[in-house]
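[1] let me see the structure of the following:
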Amino acid sequence: MKKNITLLLLLTVALAIGQTDCSTALPLSLNTTNTAPSFTSETGIAPSSLCGLSGGGGTKGKWYKYIADQNISITISTLLAQNNNTDTRVMVYSGDCAALVCIISNDDYNGTNSSQVSFNVTSGTTYTIAFDNRYSNNGFDFTFMESAPPAPDRLSFTPQTVAGITGGYNNCIVDMNGDYKDDIVSAIDATHLAITYQQAGGTFSTTTFTVPNTTVLPSWSIAAGDYDNNGYNDLIYGSGSGVTFLKANNDGTAYTSDRKTQSYLVQRTNFVDINNDGKLDAFACDDNAPNRYYINDGTNMNHNQGGIGDFATGGNYASNWVDYDNDGDIDMVLAKCGQGGSGVGGNIDQLYRNNGDGTYTNVAAQANMADPEQTWSCAVGDFNNDGWMDVIVGVNSTANGNTNVKRNNGDGTFTSVTSGSGYDTVTAVGREYIAHDFDNDGFLDVLGSGNTIMFGDGNFHFVPNPNTYPLSTVDRPVGDLNDDGFLDIQNGTSVLFNNGNTNKWIKINLQGIQSNRNGIGARIEIYGAWGKQIRDVQSGTGFQNMSSITAHFGLGTQTEITQIIIKWPSGTVDVLNNITSNQSLTIIEGSFPLSNQNFANSDFSIYPNPVKNILNIKATNNIYMKSAQVFDLTGKLIIEATVTNSSINVENLTTGSYILSLKDSNNKSYTQKFIKQ
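    Residues are numbered from 1 along each chain as shown. So this is what the prediction gives:
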């Protein structure tokens with residue numbers, strides 16, 4: 001591109017004497033190529049507002065400004081041949097220097113080290129453009145061009161800094177106080193944990209906990225699950241020297257730590273009921289040896305090694321626990337990178353079939369899943385809504401090929417359908433690949449590489465959002481952080497709030513009784529005009545972050561779900577019929593038709609039943625019931641109250657059947673059906 005020599009001369013002089021901060025930003029002219037010299041000779045102050053970028057701030061910055069005199073679109077780009085892929089990142093703001101407002105930002109555009117943004121400007125508005133030296137001190141050229149208007153976003157997000165999130169370690173979105181609203185967990189240091197609790201209306205309140213010295217921190221991964229079944233989620237930290245468990249007490253107000261003595265390089269961690277005994281175990285990918293797992297005996301998490309990933313020198317990066325063969329027990333897809341000294345063959349992906357007796361067999365070869373990939377994670381989900389879990393093997397390097405889209409044939413085998421999927425032309429690389437329905441159209445999308453979302457159409461066709469999002473390459477767990485039914489993305493110390501659309505949704509939380517409390521490993525099926533959708537409840541997807549345990553479904557334009565079926569790890573099956581959209585449900589195991597439980601309970605009785613006004617509770621064995629929840633037969637929470645004088649008031653309930661869930665002084669849960677007259 002031809003350079004504007006006059007502007008270049010102006011910039012050369014000005015850069016030597018100014019551009020130190022926002023107040024001295026140099027003016028830019030349209031349709032020019034501009035030279036930004038090396039940061040090593042400059043003293044410019046780095047921008048403190050990173051506009052949604054992660055990875056920390058730089059130490060120096062370069063500042064420019066543009067006063068728009070017409071309503072047009074602008075593209076700023078360092079994706080120029082003469083830059084030799086210099087690692088740059090750009091931030092664009094409006095407003096005055098005392099109160100800059102983020103417009104857009106970019107780092108690593110489409111898998112390169114360059115940065116590029118496109119945005120609309122309004123006449124009379126001043127725009128401030130900043131670069132920093134977070135990843136390189138090299139000088140570079142950039143273009144400032146009028147461009148065609150950016151293609152409209154398929155889905156847009158609004159970045160917002162959330163007070164209380166501390167950054168620095170891998171991100172975690174999960175309900176931590178038992179209200180079934182997603183919260184944000186921040187590991188501050190070895191003795192402090194911050195939980196940013198979601199409040200009504202999308203606001204937050206942060207509590208910082210002092211915890212026993214964990215010795216290790218989640219430098220490689222984090223996962224959450226209630227492994228003692230007390231109603232409050234616990235954590236596992238994965239580090240370069242082993243794991244630590246943080247265990248919540250019986251009211252979620254304090255945490256104890258259990259540092260395991262084994263020292264090894266941990267990659268992905270999960271909570272999963274490996275032996276299906278109703279208690280969550282923990283799994284840890286070992287980068288340099290066979291995988292580790294910790295079996296829960298009800299008191300201790302006991303270390304085991306081998307049997308679920310035995311390659312001698314490791315290369316194990318991400319474990320994804322789903323039921324791929326639809327036989328009712330949980331299996332595992334293992335993404336292998338082959339780095340970490342794992343040797344020849346260490347990058348061959350594996351698929352572990354659950355034998356139903358607590359043992360697992362690698363069936364990747366016969367399933368056509370034993371591919372050599374440089375992958376750090378896989379996005380697993382039913383991408384064509386046929387009731388079988390498919391796999392998108394994402395790559396962090398193209399040394400062995402690009403991202404591979406694998407369709408589950410329903411007979412124990414998979415077929416590559418990458419050709420024509422969109423992943424044959426979009427070849428950006430990345431560590432984190434996770435499957436969610438971000439636009440609520442009823443088809444799973446993939447948050448993966450390239451700082452974008454690949455939107456699925458239900459037929460293995462994926463289209464990237466026209467404009468990239470201001471996302472970190474790795475720190476981006478997913479959850480509904482303002483309880484509006486659309487999935488948001490945590491991005492370091494900020495949240496990208498999903499602006500949504502008119503599509504409908506349903507969210508389903510599970511409360512296990514015979515199964516583990518979270519219902520991890522359960523299969524949820526929903527049926528309606530679209531046909532069928534499925535989700536397997538998981539703890540720990542992608543490479544290192546922790547996304548919400550709540551099962552989320554987009555419904556497109558449909559306002560009613562014909563049927564919901566929950567298949568619990570215990571074998572219990574619950575069925576709900578004719579459910580309306582746009583609501584959050586909590587399903588207690590064994591509460592609905594087709595359950596194999598009859599709610600016989602020797603620990604307490606209720607009377608009168610049917611009841612008109614006051615429901616009395618008579619406990620046995622000196623059990624003290626302290627709190628109660630009442631759910632309708634769709635799983636919707638209707639009443640939450642303290643038990644007073646061994647009774648609760650239900651006079652405001654409408655006539656019908658309900659589920660009573662009680663919690664005793666030790667936080668053990670009990671359930672019973674009753675009828676309101």
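[2] contact partners for Val630?
    With contact taken as Cβ atoms under 8 Å, 6 or more residues apart in numbering, Val630 is in contact with Leu637, Ile638, Ile639, Glu640, Ile648, Val650, Leu653, Tyr658, Ile659, Leu660, Ser661. Just so you know, the C-beta spots here come from the backbone N, C-alpha and C atoms, and that holds for glycine as well.
[3] try it again at 6 Å.
    When contacts are counted by Cβ atoms under 6 Å, 6 or more residues apart in numbering, Val630 touches Ile638, Ile639, Tyr658, Leu660.
[4] check which helix or strand covers the second one.
    Taking DSSP states H and E as the definition, one finds Ile639 inside strand 637-642.
[5] the third one too?
    When elements are assigned from DSSP H and E, Tyr658 belongs to strand 656-664.
[6] ok, that strand: who's next to it in the sheet?
    Within its sheet, strand 656-664 is paired with strand 625-631 (antiparallel), strand 669-676 (antiparallel), according to DSSP bridges.
[7] now the angle from the first one to strand 637-642?
    Here strand 625-631 runs at an angle of 170 degrees relative to strand 637-642 (axes from the mean of the first three to the mean of the last three Cα atoms, to 10 degrees).
[8] dump strand 625-631 to PDB, keeping only the CA atoms.
    Taking C-alpha atoms only, strand 625-631 is exported to PDB below (Å, rounded to 0.1, in the frame of the first residue of the first chain):
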ATOM      1  CA  MET A 625     -34.800 -29.700  60.000                       C
ATOM      2  CA  LYS A 626     -33.600 -26.100  59.500                       C
ATOM      3  CA  SER A 627     -34.700 -25.000  56.000                       C
ATOM      4  CA  ALA A 628     -37.200 -26.000  53.300                       C
ATOM      5  CA  GLN A 629     -37.700 -25.500  49.600                       C
ATOM      6  CA  VAL A 630     -40.900 -26.300  47.700                       C
ATOM      7  CA  PHE A 631     -40.700 -27.000  44.000                       C
END
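[9] give the buried residues for that strand.
    Residues Met625, Ser627, Ala628, Gln629, Val630, Phe631 are the ones in strand 625-631 that count as buried (16 or more other Cβ atoms under 10 Å).
[10] and if you look at stretch 118-138?
    Here stretch 118-138 shows 118-119, 121, 127-134, 136, 138 as buried, counting by 16+ other Cβ under 10 Å.
[11] one more: stretch 526-537?
    Quick answer for stretch 526-537 (16+ other Cβ under 10 Å): Ile526, Gly528, Trp530, Gln533, Ile534, Arg535, Asp536, Val537.
[12] and for stretch 440-454?
    In stretch 440-454, counting by 16+ other Cβ under 10 Å, buried: 440-454.
[13] restricted to strands, list those.
    Asp445, Val446, Leu447, Ile453, Met454 (DSSP state E).
[14] just grab the bridge partners of the fourth one for me.
    Read that as Ile453. Ile453 forms beta bridges with Leu447, as assigned by DSSP bridges.
[15] that one against Asp437, yeah?
    No. If you go by Cβ atoms under 6 Å, Ile453 and Asp437 don't touch, sitting 10.4 Å apart.
[16] quick one: low-confidence ranges for this structure?
    Within the chain, the segments meeting pLDDT under 70 span 1-18, 150-152, 338-345, 593-603, 634, 667.
[17] show me what counts as buried in the helix or strand that the strand holding Ile639 is followed by.
    Following strand 637-642 in sequence order, the next helix or strand is strand 647-649 (DSSP H and E). Of all the residues in strand 647-649, those buried under the rule 16+ other Cβ under 10 Å are Ser647, Ile648.
[18] hey, where'd the helices end up in this protein?
    5-17, 364-367 (DSSP state H).
[19] setting aside sequence neighbours, what's the nearest residue to Leu633?
    Nearest residue to Leu633 in three dimensions, chain neighbours excluded: Ser657, at 5.8 Å (Cβ to Cβ, 6 or more residues apart in numbering).
[20] ugh, wrong one, I meant Tyr360
    Nearest non-adjacent residue to Tyr360 (Cβ to Cβ, 6+ apart): Tyr352, at 4.2 Å.
[21] Gly309 too?
    Asn291 (3.7 Å).
[22] quick check: phi and psi at the one you found.
    Main-chain dihedrals, Asn291, degrees, to the nearest 10: phi -60, psi 160.
[23] and it, what does it touch?
    By Cβ under 6 Å, 6+ apart, the neighbours of Asn291 are Cys285, Ile308, Gly309, Asn316.
[24] let's see that with 7 Å instead.
    Phe283, Ala284, Cys285, Ile308, Gly309, Asn316 (Cβ atoms under 7 Å, 6 or more residues apart in numbering).
[25] how about Ser49?
    Contacts of Ser49 (Cβ under 7 Å, 6+ apart): Leu100, Cys102.
[26] quick check on it: phi, psi?
    phi -90, psi 110.
[27] now do it against Met91, distance only.
    Separation of Ser49 from Met91 (Cβ to Cβ, to the nearest Å) stands at 7 Å.
[28] Ala367: neighbour count?
    Other residues near Ala367 come to 22 when the count uses other Cβ atoms under 10 Å.
[29] in this structure it contacts Tyr352, no?
    No. Checked against Cβ atoms under 7 Å, the pair Ala367 and Tyr352 is beyond contact range at 10.4 Å.
[30] just to revisit the earlier point, for the buried residues of stretch 526-537, which one is nearest Ala36?
    Ranked by distance to Ala36 (Cβ to Cβ), the buried residues of stretch 526-537 are led by Arg535 at 47.4 Å.
[31] what's near enough to touch the closest one?
    Listed by Cβ under 7 Å, 6+ apart, the contact set of Arg535 reads Ile524, Ala551, Phe553.
[32] list only buried entries from those residues.
    Ile524, Ala551, Phe553.
[33] give the contact list for Leu585.
    Counting by Cβ under 7 Å, 6+ apart, the residues that Leu585 touches are Ile508, Asn509, Thr634, Gly635, Lys636.
[34] who does it form a beta bridge with?
    Here Leu585, judged by DSSP bridges, has bridge partners Ile508.
[35] any idea how far Thr35 is from it?
    On the measure of Cβ to Cβ, Leu585 and Thr35 end up 58 Å apart.
[36] go on, Trp388?
    Taking Cβ to Cβ, one finds Trp388 at 55 Å from Thr35.
[37] of the two, who's got more company?
    Neighbour count, other Cβ under 10 Å: between Trp388 and Thr35, Trp388 has more, with 19 against 15.
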